[in-house]
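Colleague: predicted coordinates and the sequence they were generated for:
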Amino acid sequence: MRLEAKGISFKYGKNPWLFQDVDFEIEAGEVVGLTGVSGRGKTTFCRILAGFERPVEGEITLGGKPLQQTGVHPVQMVLQHPEQAVNPRWKMQKVLQESGPLDDALRERLGIERTWLSRWPNELSGGELQRFCVARALAANPKFLIADEMTTMLDAITQAQIWQAVLEAAKEREMGIIVVSHERNLIKRLCDRVVEL
Amino acid sequence: MSILEVENLSISFQQYGSGLKRRTLDVMSNLSIALEAGEILAVVGSSGSGKSLLAHAILGILPDNAKTSGDIRYNGEVLTPERLQSLRGKEIALIPQSVNFLDPLMQVGKQVRQSARKGDAISRQKAVFERYQLAPHVAKMYPFQLSGGMARRTLLSTAAVSGADVIIADEPTPGLDETVMKEALENFKEFADEGRAVMLITHDIEAALTIADKIAVFYAGTVVEIAPIEDFTGNGEKLRHPYTKALWKALPKNDFIPIPGAQPHLDDLPLGCLFAPRCPLMTEACTKARPEMRDLRGGKVRCIHAT
């Protein structure tokens, strides 16, 4: 199954075009790097793919059909700052259950300890929170995962732990991954090909 | 003499649980570290290892419920709160980690001009913006109008124009693209070449290696190793602490293979070595007492097995 973006243009309100006429495609099971200088619109482009923004021009199709407007979005996004992506007034168990029932195998694969489930978000470190965000995205069974600077704020060991788990899951499910990162060595290690925005 | 010395710094937080239960969390234990003029010391470690806490302790901006013991000396004299008050921003500058430290209601150009203590503020702000590839019209923008990378560059600009002797940069590089990152790191190098001291707090070892003289590795609120950068090479044979070796091997450019487990939580720290539960070299002795920092092969290490 292919995710395809055709002729995408976007601007915020009356501001100048952020980008115009961008084409992008990714196949199931493929890992594609997305790079570009800061402020170029990488995050905005990802938000369009994941359905958080509508493009001003252009369209997005999945398997040749326009994306469904209801239900769980088949493209899930994990952000750079997990503390901004979880409800601070929910305990971690509730955060995780937002996308489906608890999956113990997935939880263990991501190194999430059972005792963390009863904690508040502000009691966990960035690396621990990010594991939850990844688990939450994967539990929604997405066809594609967007990792927008997903491990930029994490130390090397935590980064390798999370990516190991994500790559394994992607292989089993034939899930495609879009990797946004400025780290050349990480992109080289993970991606089949790289697209510059 | 070191320009900035931290000796046996311990920090604990008083917290209230449910009801009237009070608990004390030891977030940093017996940390010693020194900054030399003309030198860049990188501080690396995972989130929650105490890197930012150290920066905030030096600047005297810890929250009210924090208790500290130990000494912080600047130019040989103990840094008292009164002394800090007059030095902050002038002789000791912080580049904060969060871009939320920018004033949301002030144009960013003005924020940078305010930090310039010497010379013509307007021309210095223009020069530093050009250096960091911020277009002239950005000076009139407010923080909410900036991308993550642009906000980060604004924070760098404030420290660059301050003329401080000690610059403490708390995670200054994430989200910057390669050219701007290089420019920022070059800039730190210049600070050091001018005889200032730079503490570069980062989790990005690769960035640290390009400019630092020494690297201090933090784990669970203490320093486990201080090593010259030349030791970060090959498979990490020259490194001293098992955690440093594991960190080095987990880099994408090396093996990209992690060790299992996570850093212990502060309310559940092991009695002995803080790394023992994840350590391949762990013996019974490791679980009995915290190892002392000792000198080894031109560096320092906190491990009884290191050779």
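Modeller: Everything's here; your move. Numbering: from 1, shown residues only, chains lettered A, B, ... in the order given.

Colleague: neighbours around the one residue in chain A that gets nearest to chain B, how many?
Modeller: Going by CB to the nearest CB, chain B is nearest to residue A:38 of chain A, at 2.9 Å. Backbone N, C-alpha and C define where each C-beta goes, glycine included. Neighbour count for residue A:38, taken as other CB atoms under 10 Å in any protein chain shown: 21.

Colleague: which residues touch it?
Modeller: A:182, B:147-150, B:175-177, B:180 (CB atoms under 8 Å, 6 or more residues apart in numbering or on different chains).

Colleague: then residue B:247?
Modeller: A:155-157, B:44, B:205, B:217.

Colleague: considering those, which possesses the most neighbours?
Modeller: residue A:155 (28 neighbours).

Colleague: and the residue of chain A closest to chain B, which of the three is it?
Modeller: Using DSSP: H, G, I helix; E, B strand; the rest coil, the secondary structure recorded for residue A:38 is coil.

Colleague: gap between it and residue B:171?
Modeller: Distance from residue A:38 to residue B:171, counting by CB to CB, to the nearest Å: 15 Å.

Colleague: mind listing which of the contacts of residue B:247 are in helices?
Modeller: A:156-157, B:205 (DSSP state H).

Colleague: just put the residues you listed in TSV and tack on pLDDT and distance to residue A:104.
Modeller: Shown next, in TSV, are those (pLDDT from 0 to 100; distance: CB to CB, whole Å):
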residue	pLDDT	distance to residue A:104
A:156	93	27
A:157	94	23
B:205	90	34
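
Colleague: between those residues, which sits nearest residue B:184?
Modeller: residue B:205 (16.4 Å; CB to CB).

Colleague: tell me if I am right that residue B:223 is in a strand.
Modeller: Yes: under three-state DSSP, residue B:223 sits within a strand.

Colleague: name whatever forms a beta bridge with the residue nearest to it when sequence neighbours are not counted.
Modeller: Leaving aside its chain neighbours, residue B:223 sits nearest to residue B:216 (5.3 Å; criterion: CB to CB, 6 or more residues apart in numbering or on different chains). Residue B:216 has these beta-bridge partners by DSSP bridges: residue B:43, residue B:226.

Colleague: show me the contacts for residue B:216.
Modeller: Per CB under 8 Å, 6+ apart, neighbours of residue B:216: B:33, B:41-44, B:223, B:225-226.

Colleague: give me the buried subset of those.
Modeller: B:33, B:41-44, B:223, B:225-226 (16 or more other CB atoms under 10 Å in any protein chain shown).

Colleague: can you redo those as JSON lines with distance to residue B:200?
Modeller: Output for the buried ones among the contacts of residue B:216, formatted as JSON lines (distance: CB to CB, whole Å):
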{"residue": "B:33", "distance to residue B:200": "13"}
{"residue": "B:41", "distance to residue B:200": "7"}
{"residue": "B:42", "distance to residue B:200": "5"}
{"residue": "B:43", "distance to residue B:200": "7"}
{"residue": "B:44", "distance to residue B:200": "9"}
{"residue": "B:223", "distance to residue B:200": "15"}
{"residue": "B:225", "distance to residue B:200": "16"}
{"residue": "B:226", "distance to residue B:200": "14"}
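
Colleague: between those, which is closest to residue A:64?
Modeller: residue B:44 (47.2 Å).

Colleague: retrieve the pLDDT associated with the closest one.
Modeller: At residue B:44, the pLDDT value in this model is 95.

Colleague: surely it is in contact with residue B:206?
Modeller: No: taking contacts as CB atoms under 8 Å, residue B:44 lies outside contact range of residue B:206: 10.2 Å.

Colleague: number of nearby residues for residue A:122?
Modeller: Using other CB under 10 Å: residue A:122 sits among 9 other residues.

Colleague: ah, wrong one, I meant residue A:7
Modeller: Other residues close to residue A:7 by other CB under 10 Å number 12.

Colleague: local confidence estimate at it?
Modeller: pLDDT for residue A:7: 96.

Colleague: right, and it touches residue A:23 too?
Modeller: Yes: counting by CB under 8 Å, residue A:23 is a contact partner of residue A:7 at 6.7 Å.

Colleague: where do the contact lists of those two overlap?
Modeller: By CB under 8 Å, 6+ apart, no residue touches both residue A:7 and residue A:23.

Colleague: in contact with the nearest residue to residue B:242 once chain neighbours are set aside, which residues?
Modeller: Nearest in space to residue B:242, with sequence neighbours left out and distances taken as CB to CB, 6+ apart, is residue B:279 at 5.2 Å. For residue B:279, the contacting residues are B:242-243, B:273, B:286, by CB under 8 Å, 6+ apart.

Colleague: so which residues of the chain form helices?
Modeller: Going with chain A. A:42-49, A:92-97, A:104-109, A:126-139, A:156-173, A:184-190.

Colleague: you answered for a different chain; I wanted chain B.
Modeller: Under DSSP H, chain B gives helices at B:51-59, B:81-87, B:108-115, B:121-131, B:148-162, B:178-193, B:205-211, B:242-249.

Colleague: how near is residue B:201 to chain A?
Modeller: 12 Å (CB to the nearest CB, to the nearest Å).

Colleague: burial count for that residue?
Modeller: Using other CB under 10 Å, residue B:201 has 23 other residues around it.
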